[in-house]
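In: let's see this in three dimensions:
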Amino acid sequence: MTTTLERFEAYLTSVRDLLAADPRVVGLVGMGSTAERWRVDEWSDHDLAIVVAAGHEDTFRFGREWLPDGDELVIDVVEWHGGAKLLFADGRVIELGVATVDSIRSWAVHHHDVLLDRGGVAQAVADAVAASKHTRDGDLRGELQLVVATVRIGVGKALRGEVLAGGEMLRHDAVGHLLSAVSITSPPDARADLLDPRRRFELTHPSLAQSLAEAIRQPEVELGRRLLSLLEQVFSEHREYPRDGVAAVRSLIADR
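Out: As a prediction, this is how the structure comes out:
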């Protein structure tokens, strides 16, 4: 009986071989768990960047002839930024991007594996990695202040009756700023995703991840209070900690 990883690898090989047979294809790059296949599980998708000769981008962005099983697609959507999400009848997913050697240099790239290179692909991807803005490069003072300001605005929206908008600000924006601040102050960890502080946070900061997971399940006002408490717990000894801002927002929402 084949394992999940063996099936994942076999399918990846079949896609690569079909693409390699097309002279318009310059390269293929695996991203995410497709680059770090040691962490593949039943929920992993194939995260692929197809590198093509200039002028052929839309052929591979919208066409599916390069797939060994394109007739099994149940969802095939190209997003505004040009990336595609493909869902198969058995639940498998491909996340797809298409680029040229020149354009892939502008991508945000961290973990990657060059699976096919007919010239210049590996260097272009290395250039993209070097140029990518990492979460560790952010401004700690700014991120901490944004947590506090976003808690104030998000809770205010929720109390006004805009629960969807307020909840989104708290669960996405405020939490995102908090995670970015943690990334800035954390020692290097090979397990971390340097582009998205949410990815694999449970591995790198398990206790804080559990506290945040519990917090985001709470109603909006309580979520705001918990985010301020976590901010104080983690950052109160840092000179960048916005003590007065935290006190002001806490006082404002204390009895709500």
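
In: what pLDDT is listed against the nearest residue to residue 36 once chain neighbours are set aside?
Out: Spatial nearest neighbour of residue 36, chain neighbours left out: residue 111 (5.3 Å); criterion: CB to CB, 6 or more residues apart in numbering. Placement of C-beta: from N, CA and C, glycine included. Per-residue pLDDT puts residue 111 at 88.

In: hmm, residue 39 and residue 111 touching each other?
Out: No: counting by CB atoms under 8 Å, residue 111 stays clear of residue 39, with 9.7 Å between them.

In: between these two, who's got more neighbours?
Out: Ranked by neighbour count (other CB atoms under 10 Å), residue 111 and residue 39 place residue 111 first, with 19 against 14.

In: please identify the helix or strand for the closest residue to residue 2 other than its chain neighbours.
Out: Spatial nearest neighbour of residue 2, excluding adjacent residues (CB to CB, 6+ apart): residue 10 at 7.5 Å. Element membership for residue 10, per DSSP states H and E: helix 4-20.

In: separation between the residue nearest to residue 2 and residue 213?
Out: Distance, residue 10 to residue 213, using CB to CB, to the nearest Å: 35 Å.

In: name the residues that touch the one helix or strand residue 252 maps to?
Out: With elements taken from DSSP H and E, the one containing residue 252 is helix 243-253. Residues outside helix 243-253 that contact it (CB atoms under 8 Å, 6 or more residues apart in numbering): 145, 148-149, 151-152, 155, 221, 224-225, 228, 231-232, 236.

In: what's the ChimeraX line that selects buried ones from these?
Out: Remark: buried members of the contacts of helix 243-253, expressed as a ChimeraX selection using 16 or more other CB atoms under 10 Å:
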select :145,148,149,151,152,155,221,224,225,228,231
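
In: residues near residue 44, how many?
Out: Residues lying near residue 44 (other CB under 10 Å) number 18.

In: state whether it is indeed within a helix.
Out: No: going by DSSP: H, G, I helix; E, B strand; the rest coil, the assignment for residue 44 is coil, not a helix.

In: was I right to think it contacts residue 9?
Out: No: counting by CB under 8 Å, residue 44 stays clear of residue 9, with 11.2 Å between them.

In: so which residues of the stretch 101-250 of the chain form helices?
Out: Remark: helices assigned in the stretch 101-250 of the chain by DSSP state H, counting those that start in this stretch are 121-131, 140-160, 163-168, 175-185, 201-204, 206-216, 220-235, 243-253.

In: residues in contact with the fourth one?
Out: Contacts of helix 175-185 from elsewhere in the structure, counted by CB under 8 Å, 6+ apart, are 135-140, 143-144, 146-147, 150, 192, 197-198, 201, 205, 208, 212, 216, 227, 230-231, 234-235, 238.

In: mind listing what's buried in it?
Out: Across helix 175-185, burial judged by 16+ other CB under 10 Å covers 175, 176, 177, 178, 179, 180, 181, 182, 183, 184.

In: so which of those is the closest to residue 97?
Out: Residue 97 has its nearest neighbour among the buried residues of helix 175-185 in residue 176, at 22.4 Å by CB to CB.

In: need the per-residue pLDDT for that closest one.
Out: 95.

In: how close does it sit to residue 227?
Out: Here residue 176 is placed at a distance of 11 Å from residue 227 (CB to CB).

In: dump the C-alpha coordinates for the least confident helix or strand in the chain by mean pLDDT into PDB.
Out: Within the chain, no helix or strand scores below helix 201-204, which has a mean of 90 by mean pLDDT, DSSP states H and E. Output of helix 201-204 as PDB, limited to C-alpha atoms (Å, rounded to 0.1, in the frame of the first residue of the first chain):
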ATOM      1  CA  PHE A 201       3.300  29.200  14.300                       C
ATOM      2  CA  GLU A 202       2.000  26.200  16.300                       C
ATOM      3  CA  LEU A 203       5.400  24.500  15.800                       C
ATOM      4  CA  THR A 204       7.500  27.500  16.700                       C
END
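
In: chain center to it: distance?
Out: 14 Å (CA atoms, centre = their mean, to the nearest Å).
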